[in-house]
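S.K.: any chance you could fold what I've pasted below:
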Amino acid sequence: MGTAVTADRLDAVFGALADPTRRAILSQLTRGEASVAELAAPFSVSQPAISRHLKVLERAGLISRTRRATARLSHLRADPLRDATAWLASYREFWEESYERLDELLATLKEEQQDPGGRSTT
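M.R.: Residues are numbered from 1 along each chain as shown. The predicted structure is shown next:
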């Protein structure tokens, strides 16, 4: 993750991803650009409500928006997702080490429960 990624940027990305409607919109945009009407179609909310979701996604840098004639098209911008994934991945090593310590503890406990003949004492 580059130094250009700030805490404010991560906050905006995770805040945008916190809403299931916005996550679904991002999923739709993986198939290509879409208008507000196309993005609103699967939901039982108004186009203005979808427009508000799009503004949140745009402020987080997750989408860009352009005009084509009278349509306002949204496009997925995946870089902020990559940055968020990199930030989350930094914790993967912590969890893997924790699981390794737990595995070692369980192996030790199992050895302590066995008698010299390898049979369980319980």
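S.K.: any idea which helix or strand in this protein has the lowest mean pLDDT?
M.R.: One helix or strand of the chain scores below all others by mean pLDDT, DSSP states H and E: helix 92-113, with a mean of 86.
S.K.: and that helix, what's buried?
M.R.: By 16 or more other C-beta atoms under 10 Å, helix 92-113 has no buried positions at all. In short, each C-beta sits where N, CA and C put it, glycine included.
S.K.: pLDDT weak spots in this protein?
M.R.: 1-5, 115-122 (pLDDT under 70).
S.K.: tell me the helices in it, going along the chain?
M.R.: For the chain, the helices defined by DSSP state H cover 7-17, 20-29, 36-40, 47-59, 79-89, 92-113.
S.K.: the longest one - contacts with which helices or strands?
M.R.: In this case it means helix 92-113. Under the contact criterion of 3 or more C-beta pairs under 8 Å, 6 or more residues apart in numbering; DSSP states H and E, helix 92-113 touches no helix or strand at all.
S.K.: repeat that for the second one.
M.R.: With contacts defined as 3+ C-beta pairs under 8 Å, 6+ apart, the secondary structure elements packing on helix 20-29 are helix 7-17, helix 36-40, helix 47-59, strand 63-68, strand 71-76.
S.K.: what angle do strand 63-68 and the last one make with each other?
M.R.: For strand 71-76 against strand 63-68, the angle by axes from the mean of the first three to the mean of the last three C-alpha atoms, to 10 degrees is 150 degrees.
S.K.: the third one now?
M.R.: Inter-element angle recorded for helix 47-59 and strand 63-68: 120 degrees (by the same axes, to 10 degrees).
S.K.: what's in contact with helix 47-59?
M.R.: Residues outside helix 47-59 that contact it (C-beta atoms under 8 Å, 6 or more residues apart in numbering): 12, 15-16, 19, 21-22, 25-26, 36-37, 39-40, 43, 63-65, 74.
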